[in-house]
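In: Give me a 3D structure for the following:
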Amino acid sequence: MLRLIFNPKKAERHPMEVFFLAIVYSSFSILFALWIFPSYASIAMIFLTVFSCLYLIQRAINIEEKKEANKPEKSLLKEHSKLISLLFFLFLGFTVSFTLWSFLLPVEKASSLFSFQETTVQGIRAAIVGSFSSSSTFMAILFNNLKVLLISLIFAVFYGAGAMYVLVWNASVMGFVIGNLARNTLGISALPISFAKYFIHGIPEMLAYLVTALAGGLIYSAIWRGNLKTEEKKKKLMIDVLILVAASIFILIIAGLIEIYISPYI
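Out: Prediction:
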């Protein structure tokens, strides 16, 4: 797995290995957070998990940005799918890891480790409960998701792979919710149902955030490398970014509809 950490091209070609690498990254981050920062483990595990994969993701984004000048738009968007796949399997690995830790740890330890995530979930549920119809609930969910989308874009534009903070945070929230649901219902046998209930809309949401993170990362990399000196390069980059962001918003709308009209019945 070490070759994946330092070679993003190989990582893009071996997404399943990246999935297991993400589980290892996050598991060690959780153990270190509980050991070194026990009072702040809920936040420390997020930062440690992000730090573990920043180098890999930033290098991968830099490689994507280099393609801007050499490939037509249709081919370029096809190439982007490789990095999106890499980010997706990282997120999937993080979510599975956080779910298992949330489920397997003693209740008090899990509650302490995911304290900030639990507060966030309660806040989102309170906002949704305040809605009186499916349409208003949909708008509340969509507004919250668009806010996360905007934060992902801003983090990526100013910090490159910094959008990983948002993605890892969302993986930890989803992992806590799935693990907690399974613990409070049928135990380990409920894990597949819990995954299905939240993944059916959670995966499209994460894909939207990943695509937006890529869009912002391309801007960051182009500015950092000084590749915006001509109007042609600027125009090509902005068209690519706008297409990616528009695709993200469309995916979020679909995810919101799934969350309202399908997920509650699983």
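
In: The helix or strand containing Pro204 packs against which elements?
Out: When elements are assigned from DSSP states H and E, Pro204 belongs to helix 191-224. If you count contacts as 3 or more C-beta pairs under 8 Å, 6 or more residues apart in numbering; DSSP states H and E, helix 191-224 packs onto helix 41-66, helix 73-104, helix 134-159, helix 164-184, helix 231-261. The way it works is simple: take the backbone N, C-alpha and C, and place the C-beta from them, glycine included.

In: Now that helix: buried residues?
Out: Applying a neighbour-count criterion of 16 or more other C-beta atoms under 10 Å, one finds 191, 194-195, 197-199, 201-222 buried in helix 191-224.

In: ok, now stretch 254-264?
Out: Residues of stretch 254-264 classed as buried by neighbour count (16+ other C-beta under 10 Å): 255-260, 263.

In: Lowest pLDDT pick from those residues?
Out: For the buried residues of stretch 254-264, the weakest pLDDT value sits at Ser263, with 72.

In: wait, it sits on Lys197?
Out: Yes: taking C-beta atoms under 8 Å as the definition, Ser263 is a contact partner of Lys197 at 5.9 Å.

In: How many residues are close by Ile253?
Out: 16 (other C-beta atoms under 10 Å).

In: repeat for Ser26
Out: Neighbourhood size, Ser26 [other C-beta under 10 Å]: 30.

In: With Ser135 as the reference, measure out to it.
Out: Computed as C-beta to C-beta, to the nearest Å, the Ser26 to Ser135 distance reads 37 Å.

In: and what of Val177?
Out: 24 Å.

In: Please say which of those two ends up with more neighbours.
Out: Val177 (24 against 10).
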